[in-house]
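>>> Could you work out the structure for the sequence below:
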Amino acid sequence: MTTESVFTGLKVLDASTYIAGPAAATVLSDFGADVIKIEPPGQGDPQRRLSFVPPSPQAQANYGWHLANRNKRGMVIDLKSPATTEILKRLVEWADVVITNFPHGTREKLHLGYEEVASWNPRVVYADITGFGDAGPDAGQPGFDLTAYWSRSGLLASTRDAGAPPTVPVWGSGDYTSAIAIYAAIATALYHRERTGQGASVGTSLLATGVWATGTLMAGALASGTPFELHDRNAPVNALTNPYRTADGRWFMLATSSVHWPRLTRAIGHPELLEDPRFADIEALVKNAAVVSELLDTEFRSRPFAHWKDVLHRERITYSLIQTPEEAAQDPQLRANDIVVPLEGVAGLEETVNSPVNLRGVTKVPAKRAPELGEHTDEILAEMGFGPTEIAQLRTQGAIPGAPEEEAAEEAA
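So this is what the prediction gives:
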């Protein structure tokens, strides 16, 4: 049974590699788009191997590949082969959307530059992502989320405690965030095409989305604001927004304000603090933040998290347990809101992460496994009008790999 959704009938050519471009195509597939992913011969998209590279969690299933490439059809073509140009041209003519992340210069050599793609299909929405943007001295510099999104943007320098060196953030997090930006750009361009009939070239960069994520601090810097020192939980600027540890070793993030100071004093069992002039107003709380932090540290360490969960909830104080990914994966809130959804067809992997874009009342396509390398090559070529003789010739010319049985025989030899 085919699930009808927002983008049912939309045709997408995913000519990108890990992670942001393919993940953006996956969001489109979640809403019914027919996505064809093209990969190079040999080992295909490098993301096929990322789940098995430290520090990725060790597991039998290739969870990262299915996360960013579910619900797609896959084919292998050698974009470096002159015989491949006609395949690519027909795919572009078929597509409503083309996504790529090849660097400028390389994409033109592979016949994936916007001018050539648009000449084949003027209505196409052409979406790309770069590390550092289309212009400027570093436009051609390779970029990953760790470098362009996290490091160059100012985000990584700001997400550490005073005295601590920069650390390695959760890799891929900038890519998946940027994927939503690419998806938004594509959706905007599709609306533009609906109104005007014209295609468009859209995109973003890891640097742009990293700076957007650092937006408050970046806007402050643009305003010549004086930055605060890096966070020190023992002497914070604001003790009411600070992590604290409980008697049973659990950490939680307190995120409240001076308006709720009376509630917090009740929660910790010290309502008399309301009469203490050191904590009389927001200015006093800021001036005596180190005292407040020490006081809260002592109280929160005196009882287990279960106690604080109860009293903070009762007083409607904003907080959250700081969960590990393993704990979050078992959090019932994720399944109640379809943040984690069933995945069909993968041994050892029954669930995956849903994309965060939702239209209430609109059903997403159920998540099914990502394609095997070149799984649908012949099927797609036939759809594009290539007959059996032409497909055989394309194999001879090296545009596509040999038939599966031929490759198996070569590997066994």
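>>> Start from the N-terminal end of the protein and give the strands.
11-15, 34-39, 72-76, 97-100, 125-130, 200-205, 241-245, 251-255, 319-321, 340-344, 351-353, 367-368 (DSSP state E).
>>> so which of those gets nearest residue 265?
strand 251-255 (13.2 Å; C-beta to C-beta). Using the backbone N, CA and C atoms, a C-beta is placed for each residue, glycine as well.
>>> Partner strands of that closest one and their direction?
Applying DSSP bridges, strand 251-255 is found paired with strand 241-245 (antiparallel), strand 319-321 (antiparallel).
>>> Tell me which of the ones you listed is the most buried.
strand 241-245 (a mean of 17; mean count of other C-beta atoms under 10 Å).
>>> what's around residue 193, how many residues?
17 (other C-beta atoms under 10 Å).
>>> now swap in residue 134 and tell me
12.
>>> pretty sure it contacts residue 103?
No - counting by C-beta atoms under 8 Å, residue 134 stays clear of residue 103, with 10.8 Å between them.
>>> Name the residues contacting each of those two.
Here residue 134 and residue 103 have no joint contacts, going by C-beta atoms under 8 Å, 6 or more residues apart in numbering.
>>> buried set for stretch 334-349?
Residues 334, 340, 341, 343, 346, 349 are the ones in stretch 334-349 that count as buried (16 or more other C-beta atoms under 10 Å).
>>> actually stretch 26-40, not the one I typed
Those would be 26-39, for stretch 26-40 by 16+ other C-beta under 10 Å.
>>> Go through the chain and flag its longest helix.
helix 173-196 (DSSP state H).
>>> Can you mark which positions in it are buried?
174-183, 185-187, 189-190, 193.
>>> what do you get for stretch 65-82?
65-79.
>>> Could you identify the most distant pair in the residues you listed?
The widest separation within these (C-beta to C-beta) is 26.5 Å, between 67 and 78.
>>> Let's have the strands of the chain in CSV, adding distance to residue 293 and mean pLDDT.
CSV is the format used below for the strands of the chain (distance: least, C-beta to C-beta, whole Å; pLDDT from 0 to 100):
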stretch, distance to residue 293, mean pLDDT
strand 11-15, 49, 98
strand 34-39, 50, 98
strand 72-76, 50, 98
strand 97-100, 47, 98
strand 125-130, 41, 97
strand 200-205, 39, 97
strand 241-245, 6, 97
strand 251-255, 10, 97
strand 319-321, 15, 97
strand 340-344, 35, 97
strand 351-353, 35, 97
strand 367-368, 44, 97
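>>> Between those, which one is closest to residue 160.
Nearest of these (C-beta to C-beta): strand 241-245, 13.3 Å.
>>> who's in contact with that closest one?
233, 236, 251-257, 293, 296-297, 300-301, 322.
>>> what residues are up against residue 121?
92, 93, 95, 199.
>>> in terms of contact, does the last one touch residue 119 like I think?
No - Residue 199 lies out of contact with residue 119 (C-beta under 8 Å); the separation is 10.9 Å.
>>> neighbour-wise, which of these two wins?
residue 199 (22 against 11).
>>> Just read off the phi/psi values of that one.
phi -70, psi -180 (degrees, to the nearest 10).
>>> Give me the below-cutoff pLDDT ranges for this protein.
1-2, 403-413 (pLDDT under 70).
>>> And the closest residue to residue 84 other than its chain neighbours, how far from residue 376?
The spatially closest residue to residue 84, leaving aside those adjacent along the chain, is residue 399, at 4.4 Å (C-beta to C-beta, 6 or more residues apart in numbering). Residue 399 sits 16 Å away from residue 376, going by C-beta to C-beta, to the nearest Å.
>>> So for the two, which sits in the more crowded spot?
residue 399 (24 against 18).
>>> Do I have it right that the more buried one meets residue 79?
No - in this structure residue 399 lies outside contact range of residue 79 using C-beta under 8 Å: 9.2 Å.
>>> Pretty sure residue 17 sits against residue 46.
Yes - using C-beta under 8 Å, residue 17 makes contact with residue 46 at a distance of 6.1 Å.
>>> Neighbour count: those two, which is higher?
When neighbours are counted by other C-beta under 10 Å, residue 17 comes out ahead of the other of residue 17 and residue 46, with 19 against 13.
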